[in-house]
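K.L.:
coords please:
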Amino acid sequence: MTAYFNPNAAESALIDALEGAEGWRAQLRDATQRSGFPTKRDEHWKWSDLRAATRGITQPGALAIEGAGEGVIEPADGARIDLTAHASAGASAADRTLVIKANRHVTLVERHAADDGALGNFHLKIDVEAGARLDRVILMPDSEGGVYVASAEIVLGEGASLNQTTLDFGGKLNRCETHVTHPGNGAEARLDAVYLLGKDRHGDQTSVVRHTGPGGRLSQLAKGAASSGGQGVFRGKIIVERAAQKTDARMTHRGLLLGDRAEIDAKPELEIYADDVQCAHGNALGAIDETALFYMRQRGLPEAKARALLIESFLAEPLDGIADEGLRDELRNLLRQRLEGLS
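P.N.:
Here you go, the predicted structure:
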């Protein structure tokens, strides 16, 4: 006999929204019925309490998806998919499946949005077949009162390539979660992210990469900054199975605290069962270089402008990996605009 706990209003709203759902959404409904939303008691969510963040949500909502039809999507070689996902007030969820056929090159641009009072949960299942390449750019919701979870399960084929970049300005709670199954055998993955969080904004970058075969490469660079009252979270885990000899995997997180009440929590992890690998992780937190700030002000720059330039120069590096120049410039401009707003 299965024991079900008593869901709160937000959990009940999501359960109602997913009545009759199939596939991943049915699994989400069942998990919510069984145990509810994750809380800080869950090790994987210890800094992002989803149950607490969704208090006040009492009704089902809608997660509208444009640019990606239902069923399995198999884009042509050279295609660009512009996917938009907009969560209205209330609890909602949606999912899509994307298959990049062998030796094709596809660009996926995701733009997520959440209204105040929304809980949106969007899930992607992506297969990148042998020799294929996926360039994925993710813009997380910029919402003071919305809660949003974007998750992906990505399976790479031999010789496949994944290049992913995320830009997150935070919400009441934002979480971008990526799980990659990496086969080695010439496959490569890059997972980069930038977050810039103002007061009462929360951004969570979580990833797990599992290396299952020999000779794989992974690079991961996350850089973020949080103002007083903002909270950034970085959780990255690299798992190297015994068969994954000759793996080269590197993970780096750098955080910038912009005020006395800023918070950044980070946990990079390596779990290695192979003995012939090159794996490393690094994590560092700091504040703005006051010497550099003084130097710039001595040359006539106002303090707010000087601070914005220093923060931009620190944060922009992960955006350099975006192959499309137009997309790269767009994200740089968005970052610059948000810095001007914080100043």
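K.L.:
Which helix runs longest in the protein?
P.N.:
Scanning the chain for the helix with the most residues, using DSSP state H, yields helix 325-342.
K.L.:
Residues touching that one, excluding its own?
P.N.:
For helix 325-342, the external contacting residues (C-beta atoms under 8 Å, 6 or more residues apart in numbering) are 107, 109, 137, 139, 142, 165, 167, 169, 194, 196, 198, 227, 258, 308, 311-312, 315-316, 319-320, 322. Every residue, glycine included, has its C-beta placed from N, CA and C.
K.L.:
repeat that for 10 Å
P.N.:
80, 107, 109, 135, 137, 139, 142, 165-167, 169-170, 194, 196-199, 225, 227, 230, 258, 304-305, 307-312, 315-316, 318-322, 324 (C-beta atoms under 10 Å, 6 or more residues apart in numbering).
K.L.:
Just the buried subset of these, written out for PyMOL, thanks.
P.N.:
PyMOL command restricting the contacts of helix 325-342 to the buried ones, with burial defined by 16 or more other C-beta atoms under 10 Å:
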select buried, resi 107+109+135+137+139+142+165+166+167+169+170+194+196+197+198+225+227+230+258+307+308+309+310+311+312+315+316+318+319+321+322
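K.L.:
Okay, and which of the contacts of helix 325-342 map to helices?
P.N.:
Mapping the contacts of helix 325-342 onto helices (DSSP H) picks out 304-305, 307-312, 315.
K.L.:
which secondary structure elements does the host helix or strand of residue 84 contact?
P.N.:
Per DSSP states H and E: residue 84 is located in strand 80-87. Packing contacts for strand 80-87, counted by 3 or more C-beta pairs under 10 Å, 6 or more residues apart in numbering; DSSP states H and E, involve strand 63-66, strand 90-100, strand 105-114, strand 118-128, strand 133-139, strand 147-156.
K.L.:
Report the contact partners of the closest residue to residue 74 other than its chain neighbours.
P.N.:
Among residues not flanking residue 74 along the chain, residue 99 sits closest, at 4.9 Å (C-beta to C-beta, 6 or more residues apart in numbering). The neighbourhood of residue 99, defined by C-beta under 10 Å, 6+ apart, consists of 72-75, 106, 125-129, 132, 155.
K.L.:
swap in residue 17?
P.N.:
The neighbourhood of residue 17, defined by C-beta under 10 Å, 6+ apart, consists of 25, 29, 59-63, 90-93, 119, 121.
K.L.:
what's the pLDDT at it?
P.N.:
Note on residue 17: pLDDT of 97.
K.L.:
gap between it and residue 44?
P.N.:
According to C-beta to C-beta, to the nearest Å, residue 17 stands 23 Å off from residue 44.
K.L.:
okay, and the helix or strand of this structure with the least pLDDT?
P.N.:
helix 290-298 (a mean of 69; mean pLDDT, DSSP states H and E).
K.L.:
Okay, now the unreliable bits of this structure?
P.N.:
The model of the chain has pLDDT under 70 over residues 1-4, 293-298, 300, 343.
K.L.:
Out of the ones in helices among the contacts of helix 325-342, which is nearest to residue 208?
P.N.:
residue 315 (24.0 Å; C-beta to C-beta).
K.L.:
which residues touch the residue nearest to residue 9 when sequence neighbours are not counted?
P.N.:
Counting by C-beta to C-beta, 6+ apart, the nearest residue to residue 9 once its immediate chain neighbours are dropped is residue 58, at 4.4 Å. Contacts for residue 58 (C-beta under 10 Å, 6+ apart) come out as 8-10, 12-13, 89-91, 117.
K.L.:
Of the residues you listed, select the buried ones using a ChimeraX command.
P.N.:
A single ChimeraX command selects the buried members of these (16+ other C-beta under 10 Å):
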select :10,12,13,89,90,91,117
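K.L.:
Reformat the contacts of residue 58 into JSON lines and put distance to residue 290 next to each item.
P.N.:
JSON lines is the format used below for those (distance: C-beta to C-beta, whole Å):
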{"residue": "8", "distance to residue 290": "46"}
{"residue": "9", "distance to residue 290": "47"}
{"residue": "10", "distance to residue 290": "43"}
{"residue": "12", "distance to residue 290": "51"}
{"residue": "13", "distance to residue 290": "48"}
{"residue": "89", "distance to residue 290": "43"}
{"residue": "90", "distance to residue 290": "46"}
{"residue": "91", "distance to residue 290": "45"}
{"residue": "117", "distance to residue 290": "40"}
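K.L.:
of all the contacts of residue 58, which two lie farthest apart?
P.N.:
Spatial extent of the contacts of residue 58 (C-beta to C-beta) is set by the pair 8 and 89 at 17.0 Å.
K.L.:
Tell me how far residue 131 lies from residue 103.
P.N.:
Counting by C-beta to C-beta, the separation of residue 131 from residue 103 is 4 Å.
K.L.:
which one of these two has more residues nearby?
P.N.:
Neighbours were counted for residue 131 and for residue 103 using other C-beta atoms under 10 Å; residue 131 has more, 18 against 14.
K.L.:
Please identify which helix or strand holds that one.
P.N.:
Per DSSP H and E, there is no helix or strand for residue 131.
K.L.:
ok now do it, which residues does it touch?
P.N.:
Residue 131 makes contact with 100-105, 157-161, 186-187 under the criterion C-beta under 10 Å, 6+ apart.
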